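Asker: give me the fold of what follows.
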Amino acid sequence: MTPHQKGVILTLAGVTVLSLDALLIRLISADHWTLLFWRGLLLSLSLAVFCRPKARLPRRLLLGSALCYAATTITFVLAVRLTSVANTLIILAAAPLVGALLSRLVLKEQITLRTWMALALCLAGLMLVMSGSREGNLTGDLAALLCAVCLGSKLVCDRAARPANMAPALVPAGLIIALVGFTQAPVLTVPATDAIWLGLLGLGVVPLAYALISQGPRYLPAAEVGLLLLLEMLLGPLWVWLILNEPPGREAVLGGLVVLTALLLPRLPRQRRAHSATSTSTPGA
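Answerer: Next up is the predicted model:
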């Protein structure tokens, strides 16, 4: 297995697990600040037990990754509570755009023409989704957009620290999230049903997903990791639709199709070349 293949498999596995995140947030009835307190605390505790750094991590990048992830989580929870899950996840399509721009400016990584075209399509899909926002959910859409900026920044921090494993940065990130939730939550107690969903979210889904996704930038450019994260946009609304009967709006569907096209675009030329090479090497072709 090549490093590139390993990065793709780890990232896709993380995204599949993460696609349950929005559904669990919707199933929890507690105040969003209470939810954030327990989510951050459980995340930090679970990763502190299972995720030990094998080498000394760059302090500035560790802090940057932790702060960016904390901001990503807070804005994501607010967005899911204030707008539709489909809108939230599709707007996160802006994350690879931020990641590509920052990696180009900060890390001097070259971005291929196909990737730039894909990022342009992502931006078009984002604008289409937000054009359908009504007054009531525009605040949630803006929170999702800020979440995309924070997520793109985290990917670049993790990429800059390669080949170090930045999953341990999620431990202080969880403590930051818990501290913010603690200062804002009206109460910290939750109903028994919520405790089950919170345990699954904070001890299973989130730490496992981000432990896997954090491996991606060790092997892949930040822009490609961001594009793979777009698969959550397809799976997340599907679970919410099936379980909670919340269908995506027309603009969300159209915008999602545009973003899906962007996700596939960078890979089509490579597949075509591979097919051509196979045909050429076949006897009698």
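
Asker: can I get stretch 67-74 in PDB? Just the C-alpha atoms.
Answerer: Only the C-alpha atoms of stretch 67-74 are listed here, as PDB (Å, rounded to 0.1, in the frame of the first residue of the first chain):
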ATOM      1  CA  LEU A  67      -7.700  25.900  18.900                       C
ATOM      2  CA  CYS A  68      -8.900  25.300  15.300                       C
ATOM      3  CA  TYR A  69     -10.600  22.100  16.200                       C
ATOM      4  CA  ALA A  70     -12.300  23.600  19.200                       C
ATOM      5  CA  ALA A  71     -13.600  26.400  17.100                       C
ATOM      6  CA  THR A  72     -14.700  23.900  14.400                       C
ATOM      7  CA  THR A  73     -16.700  21.800  17.000                       C
ATOM      8  CA  ILE A  74     -18.400  24.800  18.600                       C
END
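
Asker: what's in contact with it?
Answerer: Applying Cβ atoms under 8 Å, 6 or more residues apart in numbering, the external contacts of stretch 67-74 come out as 36, 39-40, 146-147, 150-151, 153-154, 157, 169-170, 173-174, 176-177, 180, 210. For every residue, glycine as well, the C-beta is placed using N, CA and C.

Asker: which ones among these are found in helices?
Answerer: 36, 39-40, 146-147, 150-151, 153-154, 157, 170, 173-174, 176-177, 180, 210 (DSSP state H).

Asker: circling back to that earlier point, and the buried ones among the contacts of stretch 67-74, selectable in PyMOL?
Answerer: To isolate in PyMOL the members of those that are buried, counting by 16 or more other Cβ atoms under 10 Å, one can use:
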select buried, resi 36+39+40+146+147+150+151+153+154+157+169+170+173+174+176+177+180+210
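
Asker: and stretch 100-115, end to end?
Answerer: 9 Å (Cα to Cα, to the nearest Å).

Asker: ugh, wrong one, I meant stretch 185-193
Answerer: Note: stretch 185-193 ends 19 Å apart using Cα to Cα.

Asker: if you count neighbours, what's buried in that stretch?
Answerer: By 16+ other Cβ under 10 Å, the buried positions in stretch 185-193 come out as 185, 190.

Asker: show residues contacting that stretch.
Answerer: 28-31, 33-34, 36-38, 182, 198.

Asker: which of those residues are buried?
Answerer: Buried, going by 16+ other Cβ under 10 Å: 28, 30-31, 33-34, 36-38, 198, out of those.

Asker: most widely separated two among the residues you listed?
Answerer: The largest separation in those, counting by Cβ to Cβ, is between W33 and L198 at 13.2 Å.

Asker: give me the common contacts of these two.
Answerer: Contacts common to W33 and L198, judged by Cβ under 8 Å, 6+ apart, are absent.

Asker: from the buried ones among the contacts of stretch 185-193, pick the one nearest L92.
Answerer: L36 (17.9 Å).

Asker: show the contacting residues for that closest one.
Answerer: 73-74, 77, 177-178, 180-181, 184-185.

Asker: tell me the pLDDT of it.
Answerer: L36 is assigned a predicted lDDT (pLDDT) of 95.

Asker: spatially nearest residue to it, not counting backbone neighbours?
Answerer: Residue nearest to L36 in three dimensions, not counting chain neighbours: G181, with 3.6 Å by Cβ to Cβ, 6 or more residues apart in numbering.

Asker: contact partners for L24?
Answerer: By Cβ under 8 Å, 6+ apart, the residues touching L24 are 197, 200-201, 205.

Asker: mind putting those residues into JSON lines with secondary structure and distance to T139?
Answerer: Conversion of the contacts of L24 to JSON lines gives the following (DSSP: H, G, I helix; E, B strand; the rest coil; distance: Cβ to Cβ, whole Å):
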{"residue": "W197", "secondary structure": "helix", "distance to T139": "24"}
{"residue": "L200", "secondary structure": "helix", "distance to T139": "28"}
{"residue": "L201", "secondary structure": "helix", "distance to T139": "23"}
{"residue": "V205", "secondary structure": "helix", "distance to T139": "26"}
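
Asker: now for the residues you listed: which two are most distant?
Answerer: W197 and V205 (9.9 Å).

Asker: still on that earlier bit, ok, so of the buried ones among the contacts of stretch 185-193, who is nearest Y219?
Answerer: L36 (30.8 Å).
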